[in-house]
Structures are given as structure tokens and as C-alpha cells.
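Enquirer: just coords:
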């Protein structure tokens, strides 16, 4: 009897290593790390749900196209309009295409796409998986001997990792075209000349870095969205929180990654 | 409610055997020393108030939760010692009907039922899937809902489809989590009949988690009364009903008033 009582009270006497908040935070970081590393283990294992990946690529890519087109175009136009007066002061409006090329290809295109995708796709993934979690649909997969991580997480993360670099390239070209229309309206420059000038200051490393950056952003958006969805709790309120946290954390991580990748690219350029 | 002939229970074989099961969540001790057996072909209704650990109990059986202590033998396998592949193999032999059905919102009824088959039976032909889906839909009496979405169905219909989804894999054990909760008395009776039909037709052994006395009485060959994370009394309905335990009497009286 004493043995049973000691078992009963055993967990009540739980002690924290540091404090509840620090312990919870460290456990959260460890859980996120394990969740991320599981992706690399699962991606090489069968079955490969190609149809699901294609379906999610369509959901992420095609369904974001109109928003990316509009935003990319406006960014190109506005950035050109904002930059023109400063360059005019120095009589350097001919540098406008180069400036736009550097700004949009190296930074704005991937970043704007990632921020839009974090809001649209990341929140969608967080809410969808969060809803599946709180309504026990994920557990229903587990008890049917279906690996929910493989079916729900790997397919979505792959889809965002593939689609977002393509969307970023598209956004870059739309942004450049928006900028060209603005430049053309003022100076009747041809599209060819504009692009030639724009790309004159761009190296292969810049384009490569841009693609790598947007791939990393895509992976981050998918991973954060699925992680937050998978760990949603407390009913429908938890779904809203998961969607919200998916966006906030993804945006935060995107900026940190931007900083790191730019720094690394600069080191590579220097060497 | 339909009358069903007594089902043959093989008391020589335990399909589930649990001893010394403890489970806590943080500071909350939920299960505090559970010993339990389920015989082949038997239905046991686990009765108790909400929050006593009934759902946690069956989630541990199917390996959705890990126990803190205890030995859980299901179909001669120790659940907490299995690797993922072995656990998946075992799960294919267990059907789990969720409290809120847990139907996949993004799939229609056909896709909901075909999904476990497609994912688990490699190389299965479409004709075989169609036949299996129609068979289980027929068993739960909802063949006409095959093209509908889960959101188009009533609570009782969703429960039936949830049960059909588990039956499609021909389980040996069925675990029902609150099968009649949130349903009107007539629909509850239909679900009770369905649970008994499943026992007869598919020869399953079942644990029915419920706080509904009518459901427990009409589906369980034995009743297990759970209070505060422990089984207070296990036996046939009359045996459990005829008790001096004030808490059990209080629970029965409350149900009768309801």
C-alpha cells in the first residue's frame, strides 16, 4: 500500500531544473529541433507521397500567384518611384535599373515573397494542422497505422521548399517589370536595355544566394507552420494561436536567416 | 433496441491484459494503478465520470500515450516495448472510434474510408477498395452518404462513419471512446445496436468508454467502474449495480435522474 501511495505522489513532487518558464522554453526548443531533424529522417523513407506534394505545391504556388503578382509589381513600381528623386539629385538616373536590379534580385524579391507566403501559406498550414490536431484527426491517422508526420508534414514542407523559390523568382521578374514600366514611362527605355543595365551589377553568386535564401525561407515557413499546427492544443482557441504563432515565428526566423545568409554571401564574395 | 443473442466469449484467451498501470500529466496523476483484462469476444464497458482517465486508458492501449509504469499486453504484444513498425502492425488489428469521430474534413466519406486501406495495403485494386467501402457503409447503414462530406452529416452519422472507418481494416479489438456522447436517445440506441452488431458480425472484443449507463448496460458483457484513476469495481451489470459503495451508488442515481 505504501508502495502504491509513493507511486501516486511521485509525480506530484515534480521539480524544475531551472524554473518552469526556462524548463518549458528549453523543452520547446528541444521539441522543435527533434521535429525538424525528423524531417530529414522521414524524407528518405518510403512511401513517398508524390501526389500530396504536387497537390500542396499547387496550393502554395498557384493559389499565391495573384497575390505575389500584385505585390511584386507594386514593390517594383514604388521602389523605382522612391529612388528616382535621390538619383536625380546626383544626375544618376541611368543607374536606376542597376539599383533596382540589386535591390529586387538580391533582397526584395525573395523577402517580399517569403513574407507574403509566411502570412498566407504559413498561417494556413498552422490552422489546418492545428484543426486536425484538436479534432483528433492526426491521432486517427496514427491509430490507422499511417505516419502523420510523413503524410502531413513532409509533403507540406517539401511543397513550400520547392514552390517558394519559384514564386520568389517570379516575384523578382514581375517587380523588375513593374520598375521597367515606370522607367519606360519617364525615359522610353527599351525592355532589353533596362534588363541589360539591371543585370550588369548582378553576379551569379547574387542569383544563387537569392535562390538559396528563398529555399531556406520556404523550408522555414513549412516547418514552422507544421510544427505549430502539430502542437496546437486547447480546442479552437489553440487553432487560432497556432496560426498566429506560425506567422510571427516564421517572419522572425526569415529576418534572422536573411541576416545570416547575406553575411555568409559577403564572406564568400570577399574570398 | 434490438435483442442480440449472447456472444461467445473465450475466457481462455485474454486479448488485453494490463497490470499496475500508472499515468500522469505534469503534476496531475490520472491513472493510479490499473489492473484489467479483456477476454476474446467480450465487450467491457468502462463507466465513470468525465475526467477520471477513461480516454487516457484506451489511448495507452493503442500506444497513443506512453504509460509511466505498468505492463500493457495487447494481442500478446507488450505495447510500450514495440518499435514503430511493430506498433503499426498491432494498430492494424485494433479499431479506435473517437469521441468526436475524427473524420478527415478534407475528404469525402468514400475517401475517408478508403484512406486507411490505400495507405496500408500496398497494391490493392480500386475494385477491392470500392467493395470494402461499400461493405462497411452497408454495415453501418449509410451507403447513400458515400459521396458526401463529413460536414454534411449529423453527429450520429459521423459516429457511424467513424466506426465504419475502423471496421474497414477488420480489427480484432474495438475501442469506442464515448460512442453515445452528445447524441439524442434514439440515435444513442442506434449506436448501441451498431456496437452489438459489430461484436456479432466481426467477432470483435471491445472496450466501450462511456458515462452513459444505458450504453454501458446494453453493450457491456462486463462493466468496469472507474473512479479517480482506478477501477473501483468490475463485473456484470447487476453485480456492479448491487453495491454498498456510496460513490458508485451516487453515479447510478445521478444517471437514473438524468
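Expert: Yes, it's here. Everything numeric here is computed off the predicted structure, so don't read it as measured data. Residues are numbered from 1 along each chain as shown, chains lettered A, B, ... in the order given.

Enquirer: What residues does residue A:77 make contact with?
Expert: Shown in contact with residue A:77 (Cβ atoms under 8 Å, 6 or more residues apart in numbering or on different chains): A:178, A:179, A:181, A:182. Bear in mind the C-beta positions are built from the backbone N, C-alpha and C, glycine included.

Enquirer: What residues does the stretch 101-250 of chain A have near chain B?
Expert: Contacts of the stretch 101-250 of chain A with chain B, taken as Cβ under 8 Å from any Cβ of the partner chain, map to A:131-132, A:135-137, A:139-140, A:142-146, A:151.

Enquirer: Residue B:22 belongs to a helix?
Expert: No: looking at residue B:22 with DSSP: H, G, I helix; E, B strand; the rest coil, it is strand, so not inside a helix.

Enquirer: Does it touch residue B:70 like I think?
Expert: Yes: Residue B:22 lies in contact with residue B:70 (Cβ atoms under 8 Å); the separation is 5.9 Å.

Enquirer: Going by distance to residue A:47, which of the residues of the stretch 101-250 of chain A next to chain B wins?
Expert: residue A:151 (8.9 Å; Cβ to Cβ).

Enquirer: Can you pull the residues of chain B lying near chain A?
Expert: B:22, B:24, B:26-29, B:32-33, B:59, B:62, B:64, B:68-69, B:88-89, B:91-92, B:94, B:96, B:98-100, B:102-105, B:115-116, B:119-120, B:165, B:169.

Enquirer: from those, which ones fall inside helices?
Expert: B:59, B:88, B:89, B:91, B:115, B:116, B:119, B:120, B:165 (DSSP state H).

Enquirer: could I get those as a markdown table with pLDDT and neighbour count?
Expert: Below are these laid out as a markdown table (pLDDT from 0 to 100; neighbours: other Cβ atoms under 10 Å in any protein chain shown):
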| residue | pLDDT | neighbour count |
| --- | --- | --- |
| B:59 | 95 | 21 |
| B:88 | 94 | 18 |
| B:89 | 94 | 15 |
| B:91 | 95 | 24 |
| B:115 | 94 | 20 |
| B:116 | 94 | 22 |
| B:119 | 92 | 18 |
| B:120 | 91 | 17 |
| B:165 | 93 | 29 |
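
Enquirer: want to try a markdown table for the residues you listed, with distance to residue A:166 as columns?
Expert: Formatted as a markdown table, those follow (distance: Cβ to Cβ, whole Å):
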| residue | distance to residue A:166 |
| --- | --- |
| B:59 | 42 |
| B:88 | 35 |
| B:89 | 40 |
| B:91 | 38 |
| B:115 | 30 |
| B:116 | 34 |
| B:119 | 29 |
| B:120 | 34 |
| B:165 | 37 |
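
Enquirer: Need the residues touching each of residue B:22 and residue B:70.
Expert: Residues touching both residue B:22 and residue B:70 by Cβ under 8 Å, 6+ apart: residue B:34.

Enquirer: Between the two ends of stretch A:133-150, what distance do you get?
Expert: 15 Å (Cα to Cα, to the nearest Å).

Enquirer: Ok, stretch A:104-120 next?
Expert: 21 Å.

Enquirer: which other residues reach it?
Expert: Outside stretch A:104-120, the residues touching it (Cβ under 8 Å, 6+ apart) are A:60, A:64, A:67-68, A:71-72, A:75-76, A:79, A:160, A:164, A:167-169, A:171-172, A:175-176, A:179, A:198, A:202, A:206-207, A:209-210, A:213-214, A:217-218, A:221, A:246-247, A:250-251, A:254, A:258.

Enquirer: Could I get the buried residue list for that stretch?
Expert: Going by neighbour count (16 or more other Cβ atoms under 10 Å in any protein chain shown), the buried part of stretch A:104-120 is A:104-106, A:108-120.

Enquirer: Can you tell me which of the residues you listed is nearest chain B?
Expert: residue A:120 (18.0 Å; Cβ to the nearest Cβ).

Enquirer: Next, residue B:15: phi, psi?
Expert: phi -90, psi -30 (degrees, to the nearest 10).

Enquirer: Could you count how many residues lie near it?
Expert: 23 (other Cβ atoms under 10 Å in any protein chain shown).

Enquirer: Would you check which pair of the buried residues of stretch A:104-120 lies furthest apart?
Expert: Every pair of the buried residues of stretch A:104-120 checked by Cβ to Cβ; the farthest is A:106 and A:120, at 23.4 Å.

Enquirer: Run through the strands of chain B in chain order.
Expert: Along chain B, counting by DSSP state E, strands occupy B:10-25, B:28-40, B:43-47, B:69-74, B:77-78, B:94-97, B:173-177, B:205-210, B:222-227, B:230-235.

Enquirer: Quick one: mean pLDDT over the shortest one.
Expert: To tie it back to what came earlier, the one meant is strand B:77-78. The pLDDT scores in strand B:77-78 average 94.

Enquirer: again, but for stretch A:177-187
Expert: 90.

Enquirer: mind checking how far residue A:198 is from residue A:189?
Expert: 10 Å (Cβ to Cβ, to the nearest Å).

Enquirer: cool, residue A:29 as well?
Expert: Distance from residue A:29 to residue A:189, by Cβ to Cβ: 51 Å.

Enquirer: Same question for residue A:197.
Expert: Taken as Cβ to Cβ, the span from residue A:197 to residue A:189 is 8 Å.

Enquirer: joint contacts of the two?
Expert: residue A:97.

Enquirer: so how many other residues sit close to residue B:131?
Expert: 10.

Enquirer: any idea how far it is from residue B:123?
Expert: From residue B:131 to residue B:123 the distance is 15 Å (Cβ to Cβ).

Enquirer: How about residue A:223?
Expert: 33 Å.

Enquirer: Show me which of these two is the more surrounded one.
Expert: Neighbour totals were compared for residue A:223 and residue B:123, and residue A:223 leads with 25 against 5 (other Cβ under 10 Å).

Enquirer: In terms of secondary structure, what does the helix or strand harbouring that one contact?
Expert: Counting by DSSP states H and E, the element that carries residue A:223 is helix A:204-230. Using 3 or more Cβ pairs under 8 Å, 6 or more residues apart in numbering or on different chains; DSSP states H and E as the contact test, the elements touching helix A:204-230 are helix A:20-42, helix A:109-117, helix A:123-134, helix A:155-187, helix A:235-270.

Enquirer: Measure how buried residue 249 is and give me the count.
Expert: Went with chain A since none was named. Going by other Cβ under 10 Å, the residues that sit close to residue A:249 add up to 21.

Enquirer: I was thinking of chain B, sorry if that wasn't clear
Expert: Residue B:249: 13 neighbours (other Cβ under 10 Å).

Enquirer: where in the stretch 151-258 of chain B is pLDDT low?
Expert: Residues of the stretch 151-258 of chain B meeting the criterion pLDDT under 70: B:254-258.

Enquirer: For chain A, what's its nearest residue on it.
Expert: Counting by Cβ to the nearest Cβ, the stretch 151-258 of chain B gets nearest chain A through residue B:169, at 7.0 Å.
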